[in-house]
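Asks: need a 3D model of the following:
(2 chains)
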2 protein chains.
Amino acid sequence: MMERKKEILTSLENLGLKIYEQIDTGYFPSIQMPSRSTENIYYDPQIRQYILGDRRVRRNTRNVRHIRPFTQLVWTALFSHELSSQRKTSTLRDVYYSAQAYEMTFKDQQESNNIITDLETVLGSSREDFNIFPEERSAVFGDLTIEYTVPGYEGKTLNLTSHPDGVMIGPALTSAEFASTTADKVIAIEKGGLFTRFVEENVHKKFNAILVLTAGQAPRATRHFIRRLNRELDVPVFIFTDGDPWGMHIAMVIISGSANAAHLRELTTPDARWSGVWATDIVDYKLPTDPLDEIDMKRLYELQRDPRYKSELLQREIKTFLKIRKKAEKEAFSRYGLTYIVDEYLPTKLEETK
Amino acid sequence: MMERKKEILTSLENLGLKIYEQIDTGYFPSIQMPSRSTENIYYDPQIRQYILGDRRVRRNTRNVRHIRPFTQLVWTALFSHELSSQRKTSTLRDVYYSAQAYEMTFKDQQESNNIITDLETVLGSSREDFNIFPEERSAVFGDLTIEYTVPGYEGKTLNLTSHPDGVMIGPALTSAEFASTTADKVIAIEKGGLFTRFVEENVHKKFNAILVLTAGQAPRATRHFIRRLNRELDVPVFIFTDGDPWGMHIAMVIISGSANAAHLRELTTPDARWSGVWATDIVDYKLPTDPLDEIDMKRLYELQRDPRYKSELLQREIKTFLKIRKKAEKEAFSRYGLTYIVDEYLPTKLEETK
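Replies: Sure, this is the predicted structure:
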């Protein structure tokens, strides 16, 4: 992790150096990066995520209209370098206001967010790598000992069963090393209530699992964390969401990412599996349901054509949703008693999707 | 905490016993509780929170229209007793679905939520006391060592500086005992970004403080936790929110509770102080602002008449907001550099509101 941080610092310094050299050799400085326009976003079936194509854009200071975004980008790189070298973290909102301390102006936060995405594109690293974090926090629980790298905690370890409410996934956890584990799988869960149920029922012990709470759509830091668990520990990832198009897509964004993050790698876990609640589970387990509304149906038709949903399994599940026109939440299993989901459903689905 | 749990179990058992005795002595069983209708909610300036008046409602099984809610209430008490005695937790959503395992029907979740509130009113305890928790999770950080009481962790301790992303406030933390602390104050913060900044800047050490992240409107478990910190550790509580009517009200709900929870005590911290961002801070610190919109203005006029906002300070701040017609977020202090809020603003305001 410390090396990764050093690489980011070096990339930022190289960006500055390049601009300096251009000026020094008598050229108007310019920055090139891949275009993020919709026509340049492709789904790559090999690496199973969206990527950017070959089109590039150039911010050239010879063009008067480019001077503003160019300067903003250079300032953002400077500010990110300060954050990273002082080992402080920040948020999108904070960056927007911090600009005023440097007499750098952004029209609104949308403008500064866009420039931060530009910097991600230039560096090919997500903003968490240069210490700009989201507000949302998700959590993890299980037998994994981490070693911190943040100031004041270097070398300290924490076992992630230390706090049975779950250990928050923030800047400190995201930048920690994985020291040791006995777990042989990761189970990602959409909701806090079920996460706590799983902890209380000792799912981590019974199934040798690290439990990750995504708290709805998983924040990018959590997606990166799941990828690291999958790669560094070499363990499979199983995702449990509500049985509706939105739950299915929470799983898909962990698996294959989003078009918005086509300029980034390192956020996806292509081998993770969506283990339920499937539309066919709703039928097989006779779950209590709610009807799918128009927005749900529209979303299903979109997903049916989405390149990430090409697999036989996903196409079958979409068709089943469209046919039964019903959705079910994971809590619906409580109709068979509070522990049915752990005693019966979970082992069946882990086996079925292994 | 274990004694409190036992009291709840006893209250639930006494409720059952009373019904049983009524049947045994040949009466139609009935349950009485204070009315929660708007006309029966009063602000009590003595205890500085909303309370219920003397009106009572009775669910009498002699009345055929009462049989349904009466049965639902008795079932909810039974289910809460099972949860509490098995030391499992649940959520509002889960209770709704669990009813089906007992062939108990609720029309929708709203109906089951209402019955849970009825049970709170009958027992005078909030649903977290009988193990029904919300989905939301906030966090805490600082030198406080807690001792768990949840199964599998009895007697284990955790110092709340163990994880620099913050320790989640869930069922396990809420039911823990406070073992020891060196802190002499509590600082509650509305947003995750600033919470992390405070941790990184060692606010807990520099100001001897326990930091609580409310994550927007503080969940009830967090409000109860803040009250416990205030009472059991005998330390003052300072609340920092955004400078707008919504931030002001986040502080007020921690201080004096909400009308919705008039049937409950134990959730408020009347001596807690709203330390900022005040409207007068916006002026004094020349903060970058956004204009107040119509909804903000409407809310300010409501708060101006609200009995919880009677104090000179709050009336002055409301008037200032109405006059300047501007609001500011806490991140706005970043215009003076990332650490200005910790180095300058925080000590000034702690002194000013102590």
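Asks: so what's residue A:22 up against?
Replies: Counting by C-beta atoms under 8 Å, 6 or more residues apart in numbering or on different chains, residue A:22 touches A:28, A:29, A:30. Glycine gets a C-beta too; all of them are placed from N, C-alpha and C.
Asks: helix or strand for it, which one?
Replies: In the assignment (DSSP states H and E), residue A:22 maps to helix A:2-24.
Asks: for that helix, give the mean pLDDT please.
Replies: Averaged over helix A:2-24, pLDDT sits at 94.
Asks: same deal with stretch A:37-48?
Replies: 91.
Asks: swap in stretch A:331-339?
Replies: 89.
Asks: just the C-alpha atoms of it, please, in CSV.
Replies: C-alpha atoms of stretch A:331-339 as CSV (Å, rounded to 0.1, in the frame of the first residue of the first chain):
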residue,chain,number,x,y,z
GLU,A,331,-35.9,-9.9,4.8
ALA,A,332,-38.7,-11.8,3.1
PHE,A,333,-37.0,-15.1,4.2
SER,A,334,-38.0,-14.2,7.8
ARG,A,335,-41.4,-15.6,6.9
TYR,A,336,-39.7,-19.0,7.6
GLY,A,337,-38.2,-17.8,10.9
LEU,A,338,-35.3,-15.5,11.6
THR,A,339,-32.5,-18.0,11.0
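Asks: what residues of that stretch count as buried?
Replies: For stretch A:331-339, the neighbour count (16 or more other C-beta atoms under 10 Å in any protein chain shown) marks A:331, A:332, A:333, A:334, A:335, A:336, A:338 as buried.
Asks: do that stretch and chain B meet?
Replies: Yes. Using C-beta under 8 Å from any C-beta of the partner chain, stretch A:331-339 reaches chain B at A:331, A:332, A:333, A:334, A:335, A:336, A:337, A:338.
Asks: turn those residues into CSV, columns for distance to residue A:93 and secondary structure.
Replies: Output for those, formatted as CSV (distance: C-beta to C-beta, whole Å; DSSP: H, G, I helix; E, B strand; the rest coil):
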residue, distance to residue A:93, secondary structure
A:331, 33, helix
A:332, 37, helix
A:333, 39, helix
A:334, 38, helix
A:335, 42, helix
A:336, 44, helix
A:337, 44, coil
A:338, 40, coil
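Asks: now the residues you listed as CSV including distance to residue A:247?
Replies: Shown next, in CSV, are these (distance: C-beta to C-beta, whole Å):
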residue, distance to residue A:247
A:331, 12
A:332, 12
A:333, 14
A:334, 17
A:335, 18
A:336, 19
A:337, 22
A:338, 21
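Asks: could you point out which element follows the helix holding residue A:22?
Replies: Per DSSP H and E, the first helix or strand lying C-terminal to helix A:2-24 is strand A:30-34.
Asks: which residues touch that following strand?
Replies: Strand A:30-34 is contacted from outside by A:15, A:19, A:22, A:40, A:52-62, A:66, A:70, A:73, A:118, A:121-122, A:263, using C-beta under 8 Å, 6+ apart.
Asks: ok now it, how far from the chain's centre?
Replies: When distances are taken as C-alpha atoms, centre = their mean, to the nearest Å, strand A:30-34 is centred 25 Å away from the chain's centroid.
Asks: before we move on, what about stretch A:159-178?
Replies: Counting by C-alpha atoms, centre = their mean, stretch A:159-178 is centred 16 Å from the centre of its parent chain.
Asks: measure it end to end?
Replies: For stretch A:159-178, the first-to-last residue distance is 10 Å (C-alpha to C-alpha, to the nearest Å).
Asks: check stretch A:283-301 too.
Replies: Length of stretch A:283-301, first residue to last, C-alpha to C-alpha: 20 Å.
Asks: that older thread, now, which of the contacts of residue A:22 sits nearest chain B?
Replies: Nearest to chain B, judged by C-beta to the nearest C-beta, of these is residue A:29 at 27.1 Å.
Asks: burial measure for the closest one, as a count.
Replies: Residues near residue A:29, counting by other C-beta atoms under 10 Å in any protein chain shown, number 17.
Asks: ditto for residue A:201
Replies: Residue A:201 has 18 neighbours, counted by other C-beta under 10 Å.
Asks: gap between it and residue B:88?
Replies: 8 Å (C-beta to C-beta, to the nearest Å).
Asks: where do the helices sit along chain A?
Replies: A:2-24, A:67-85, A:92-101, A:109-123, A:171-174, A:192-200, A:203-206, A:220-232, A:245-256, A:279-284, A:294-305, A:312-324, A:340, A:346-352 (DSSP state H).
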